[in-house]
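S.K.: The sequence and its predicted three-dimensional model are supplied below.
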Amino acid sequence: AAVEVRVISDRQYVLVLTDLELDESKPSRGTISGFVFDRISGESLYGANIYLPDLSEGTVTNQAGFFSLPGIPAGTHRVRLSFIGYVAQDTTLTTAPGAIVLELTPTTITLDRVVIERSSLTRADLAVFPGVISIPVRRLEQLPTSFGGKDVFEVLGWMPGIQRAGEVTGGLVVRGSGSDQNLYMIDGAPVYHPWHAFSLISTFQTETFKNLKFYRGSFPPEYGGRLSAVLDAELRDGRNAEPKLLAAVNPLNVRFLIESKIGSKSSFMLSGRRSYIDKIIGRRHPVSDSFGRKDTLRTAYFFYDWSAKLSVSPHTNSRLSFSYYTGRDDLDLRLPFDLSLDFSSWLRPADLFFEVDQNWGNRLYSVRYQQLLNDKLFFTGTGYYTEYGAKEAALIHPTQSASVESAYRVQLQDLGIRLDVDYFPNLSHQIRGGLSLIDHRFLTKIDALISYSPSLQESLSQRGNVQTRELAVYVQDHWKPSRKLHVLLGTRLNYFGSGNYFRLSPRLSLQFVLHPKWLVLRGSATRQVQFLQRIRNRFSFLYDLVSSRWIPSDATVVPSTSRQLSFGGESVPYSWLKLSAEGYFRTGKNILLPRDAFQSKNGLLGPGIDISTLLGQYTRGKERSYGVEIGMDLFLLDWQVLLAYTGSQSENRTPELSNRSYRPSRFDVPRSFSAVVQRRAGRWQFSLSTVLRSGYPTTVPIARYYLTDPVSGDQNYFFHMPEINNGRLPPYFRMDLGIGYRFGFMDANWSAQIHVYNIFNRRNIIRRLYDPSKDNFIPKNSLGLPLLPLFEIEMQL
């Protein structure tokens, strides 16, 4: 109750006792909240747009597909639902307690169907902040890949500012940074080695995921621990109304995916993939000679992936899921020590040989619980265990009397928990906060024995066991001060146990809609910190050949930090055309760089696996990068065109350079252009894709000198190379062709694909080496892959 003054007549007033709750002069308020799902697959839609045209207000769904529109006038409202790749839906909804369930129907992305909602100021694609790539998985599945299957890393390589570290191998290089500065996640758990086949294929299969978000440079404070980029992927739930089976085979591997409901409240997804080259050529090859000697050569390599997810929904407002992923590469060789021998010599027992037994891979378990507490509060809890492990064993007989035997292991284990809360107080604010706690454990082990002769031996046996904890709390507010201005303001406070480091990482992103059709401006300023570094031993042949060695920050290893500013714009002049441009400037410090960039593995035992010893091979450096990224996405009738151009500079420097200027970094590419052109014609689909970029930096010697051995008198020649990366490889160019045909057979949907890699058979130079023993400076070039025709057939039930 309250006292109100009312005017009766001139200079006459009366005091009236009123009840605020019964004051009908103020309109009552209500909330519309709920979930948005894919009508066909039953998967929740992350980033779907919910818009109220009469109020010019709207929002987008979170990772669970949940949305909330609080504080709107009570009653019935017209609502428009839309999402890229889905048929827009107009309906009416009434404010009421509780969550409603909405569904959108997927459709082929063509001109005659809705692609981008440009009539509102809050369409889904306008909720994307700088550097974010948010494309539905269905769209990513349509983009071409080189070696069969649907590879997330290859698809992301068609986007501006992203490229592969090698011709077709290596991790993702984002804005010139190293691949170890990227965070890869599956259902909230990090993956430390997301590659197979010596980085030819990634562990991320597009068809196994329902949501994918990729952040370049600027990412929300809920993510941390890396400097450059974040890939957040969520496995499929298997909520299809009907069971689904997918199976495919290509020259590199076979794969399958099964998903189905279990009753009315549960569902599962199971997928697997395995290479089969070892089954074709065989793993073991018995050989013998005329003297009756027998031996067994081994040539075995394979990789595999397994993914599984079980989801349980006790009721509409809650969901519990269990996720599992494991992937591994296995290499087993026994061959003659001299590989230059003719092939017939391989078919006889060898006195001098080498054996290699190596494997490396990831395993993770994740459990996630999501609960809608009320119309304005959504809770997510995630617990996970993830590990990366590698084993490298070798037995070498280079001479009759000498041998080398070694066994090396490295393992990284994380046990983590993460709690997140989404709070929707009103239409102007969406607040998200949470905390995470991670227990890191780093295990290493090596045992090596070198026998020079029966009486002369040298051994090495070392163990390493480091454990530390990482704690982070964050908060962010998605503030909409007006219908045209969006502000994402947040910060992340990190604590790292070894070294007792506290680091604050503030984030600010802005978006201003000058006109929803013609120009949307975006800008951001962020600071990132990374506590884990990846290094490799640069001397010994006996360890760190294929594995990754992660080390934590401590009193001697200072955490790496980076700062980035970015500004860009976007235009959607037509419903079938989207243009974007973004510029950025990024700096980093305390980056571990090789102390001797020309050091190559040339020893046996090396310095050992002690971290302090390995750090002697590295030094703390600085880096900087800047550039502009331009993209075009076109959907016209049966044509789809994706163009990307990046002009950038990526540089670094170390204390050894004194006051000299920055030098080009390892993956500096000043100019890069890529294009994908696709066309559908009935059951046929054609694609033409191309990449044209500057060559990677290389170091060119400027002089040669020799030193005379005082004992033997031999002259040993060396190069004088005072500058690193002072040259550049020739430009890289490649064009691929793809042809696909869809048909029905035996009550199944089939798809046959032919992909021709490098149709012009251009052998790009991917590496250049100089031999100081030669009188001239003519380099020896390593060439990329030639023309390769590949085939894949896929079946869906």
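M.R.: Yes, it's here. Residues are numbered from 1 along each chain as shown.
S.K.: can you pull the contacts of residue 453?
M.R.: 401, 402 (Cβ atoms under 8 Å, 6 or more residues apart in numbering). Quick note: C-beta positions are derived from backbone N, CA and C, even for glycine.
S.K.: Next, the buried residues of whichever helix or strand residue 411 is part of.
M.R.: Per DSSP states H and E: residue 411 is located in strand 403-426. Neighbour counts using 16 or more other Cβ atoms under 10 Å place 404-416, 418, 420-424 of strand 403-426 among the buried residues.
S.K.: next structured bit after that strand?
M.R.: strand 429-453.
S.K.: what helices or strands is the helix or strand that that next one is followed by leaning on?
M.R.: Remark: after strand 429-453, the chain's next helix or strand is strand 456-479, criterion DSSP H and E. Packed against strand 456-479 by the contact rule (3 or more Cβ pairs under 8 Å, 6 or more residues apart in numbering; DSSP states H and E) you find strand 429-453, strand 485-496, strand 549-552.
S.K.: let's go with 7 Å and repeat that
M.R.: strand 429-453, strand 485-496 (3 or more Cβ pairs under 7 Å, 6 or more residues apart in numbering; DSSP states H and E).
S.K.: quick one, the longest one and strand 403-426 angle?
M.R.: It stands for strand 429-453. 180 degrees (axes from the mean of the first three to the mean of the last three Cα atoms, to 10 degrees).
S.K.: Sheet partners, orientation included, of strand 429-453?
M.R.: Sheet pairing of strand 429-453 (DSSP bridges) gives strand 403-426 (antiparallel), strand 456-479 (antiparallel).
S.K.: The ones you listed into a markdown table, with extra columns for distance to residue 286 and mean pLDDT?
M.R.: Below are the strands paired with strand 429-453 laid out as a markdown table (distance: least, Cβ to Cβ, whole Å; pLDDT from 0 to 100):
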| stretch | distance to residue 286 | mean pLDDT |
| --- | --- | --- |
| strand 403-426 | 23 | 92 |
| strand 456-479 | 32 | 92 |
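S.K.: For those strands, give me TSV that also has distance to residue 247.
M.R.: TSV is the format used below for those (distance: least, Cβ to Cβ, whole Å):
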stretch	distance to residue 247
strand 403-426	33
strand 456-479	41
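S.K.: Helices of the stretch 1-150 of the chain, start to end?
M.R.: 137-142 (DSSP state H, counting those that start in this stretch).
S.K.: Likewise for the stretch 501-650 of the chain?
M.R.: 611-615.
S.K.: what about stretch 259-266, start to end distance?
M.R.: For stretch 259-266, the first-to-last residue distance is 11 Å (Cα to Cα, to the nearest Å).
S.K.: So which residues make contact with it?
M.R.: For stretch 259-266, the external contacting residues (Cβ atoms under 7 Å, 6 or more residues apart in numbering) are 236, 238-240, 243-244, 267-269, 311-314.
S.K.: where are the low-confidence patches of the stretch 1-150 of the chain?
M.R.: Scanning the stretch 1-150 of the chain for pLDDT under 70 picks out the ranges 1-27, 108-129, 148.
S.K.: One more: the chain?
M.R.: For the chain, the ranges with pLDDT under 70 are 1-27, 108-129, 148, 166-170, 241, 337-347, 538-543, 545-547, 597-607, 657-660.
S.K.: nearest to residue 566, of the contacts of stretch 259-266?
M.R.: residue 236 (32.1 Å; Cβ to Cβ).
S.K.: That closest one contacts residue 208, correct?
M.R.: Yes: contact between residue 236 and residue 208 holds when scored by Cβ atoms under 7 Å: they sit 6.2 Å apart.
S.K.: Give me the more crowded residue out of the two.
M.R.: residue 208 (28 against 25; other Cβ atoms under 10 Å).
S.K.: What are the phi and psi values at that one?
M.R.: phi -90, psi 0 (degrees, to the nearest 10).
S.K.: so who does it touch?
M.R.: 235, 236, 257, 271, 307.
S.K.: switch to 10 Å and redo it
M.R.: Applying Cβ atoms under 10 Å, 6 or more residues apart in numbering to residue 208 gives the contacts 137, 150, 152, 186, 233, 235-236, 246, 255, 257, 259, 269-273, 305, 307-309, 325.
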